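Participant: Predicted model follows, preceded by the sequence.
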Amino acid sequence: GENVEQHPSTLSVQEGDSAVIKCTYSDSASNYFPWYKQELGKRPQLIIDIRSNVGEKKDQRIAVTLNKTAKHFSLHITETQPEDSAVYFCAASSYTGTASKLTFGTGTRLQVTL
Amino acid sequence: NAGVTQTPKFQVLKTGQSMTLQCAQDMNHNSMYWYRQDPGMGLRLIYYSASEGTTDKGEVPNGYNVSRLNKREFSLRLESAAPSQTSVYFCASSLLDPDQPQHFGDGTRLSIL
C-alpha cells in the first residue's frame, strides 16, 4: 500500500519568514495530493491540493510543488503569520478501481513566533 | 449547510462496553471514511465506504465494525471497547472521483478507562 513520509515533525519560524514542509510517497500510481491544516482541537481543513498533471499551484501565500519522478511534494508558506501556527498534514490519494483512499503523513507542527 | 456531522463529541467508556459513533453528511457525497487520530501518528483509516451498500477495511480495522445505513449516514461501532481505542475519531466524506478532497467532521473524543 501507499506510504507517506513527512518532514520535519516540528518547525519554528519567525513571523514574516517562509516555512517549507516536505513529503515523499511510495505508490507511483498516486495522482492527487491534498494538504490539510489542523488547529488545536479542530477538524483537519483542506488548504490546497495538487493533481498529478500539474507541477506547481499557488494560492496567495501558500504554494505546493510536485515532483512525480522523485515522488515528493512540498508545501511552501511565505510571509508567515501567527495564525499559520497549526499542525499540517500532507496526503496522497490512491485509487483501487472502486474507491479512492488517502494516506496521511504524520504531521508537522508549525509554530510562528513574533 | 452542515457538511459532515458527528455525534457524540465526547464520550467516556469503561473497558468492555460497546458504543456506536454516528456520522452524517449533507453534501450528496458517495464515499465516506472513518479515521482515528493518535498523537504523532497522523490520521489512520479504519474503514471506508466507496458508495452506498459497500464497506471495506482500511489500515487499522481490528476491533471495529461499520454500517453504511444510507447515502448520508456511516456509523462506526466498538463492540468491546479497549483502552488502546482511546483516540479522536474523525468521519470524512468525498465524491467518488479519485482526485476530490475529503471533508471532515469535528471529531469524537473517546476515552476508554
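Facilitator: Received it, and whenever you're ready, just let me know what you need. It should be emphasised that the depicted structure is a prediction, and the values quoted were computed from it without experimental measurement.

Participant: Could you use CA atoms for every contact and neighbour count after this?
Facilitator: Fine.

Participant: Just say helix, strand or coil for residue A:91.
Facilitator: strand (DSSP: H, G, I helix; E, B strand; the rest coil).

Participant: hang on, it packs against residue A:107?
Facilitator: No - using CA atoms under 8 Å as the test, residue A:91 is too far from residue A:107 to be in contact (9.7 Å).

Participant: Pull up the residues of chain A that are close to chain B.
Facilitator: A:31-32, A:34, A:42-46, A:51, A:89, A:93-95, A:98-101, A:103-107 (CA under 8 Å from any CA of the partner chain).

Participant: of those, buried ones?
Facilitator: Among the residues of chain A next to chain B, the ones that count as buried by 16 or more other CA atoms under 10 Å in any protein chain shown are A:31-32, A:34, A:43-46, A:51, A:89, A:93-95, A:99-101, A:103-107.

Participant: Return the subset of those lying in strands.
Facilitator: Of those, the ones assigned to strands by DSSP state E are A:32, A:34, A:45-46, A:51, A:89, A:93-95, A:100-101, A:103-104.

Participant: could those residues be laid out in TSV, adding pLDDT?
Facilitator: Listed next are those as TSV, based on pLDDT from 0 to 100:
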residue	pLDDT
A:32	94
A:34	97
A:45	97
A:46	97
A:51	92
A:89	97
A:93	93
A:94	85
A:95	82
A:100	85
A:101	90
A:103	94
A:104	95
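
Participant: Quick check: bridge partners of residue A:21?
Facilitator: When bridges are called by DSSP bridges, residue A:21 pairs up with residue A:75.

Participant: My error: substitute residue B:35 in the last question.
Facilitator: residue B:45, residue B:90.

Participant: Can you report how many residues neighbour it?
Facilitator: Each residue near residue B:35 was counted by other CA atoms under 10 Å in any protein chain shown, and the total is 25.

Participant: I'd guessed it sits against residue B:90; true?
Facilitator: Yes - here residue B:35 reaches residue B:90: they are 5.1 Å apart, a contact under CA under 8 Å.

Participant: Is residue B:84 in a helix, a strand, or coil?
Facilitator: helix.

Participant: Not including adjacent chain positions, what is the nearest residue to it?
Facilitator: Nearest non-adjacent residue to residue B:84, counting by CA to CA, 6 or more residues apart in numbering or on different chains: residue B:112, 7.9 Å away.

Participant: pLDDT score for the one you found?
Facilitator: Residue B:112 is assigned a pLDDT of 97 by the prediction.

Participant: residue contacts, it?
Facilitator: With contact taken as CA atoms under 8 Å, 6 or more residues apart in numbering or on different chains, residue B:112 is in contact with B:12, B:13, B:14, B:15, B:81, B:82, B:83, B:84, B:85, B:86.

Participant: And the residue of chain A closest to chain B?
Facilitator: Chain A approaches chain B most closely through residue A:106 (4.1 Å), counting by CA to the nearest CA.

Participant: And that residue, how far from residue A:51?
Facilitator: Using CA to CA, to the nearest Å, residue A:106 is found at 21 Å from residue A:51.
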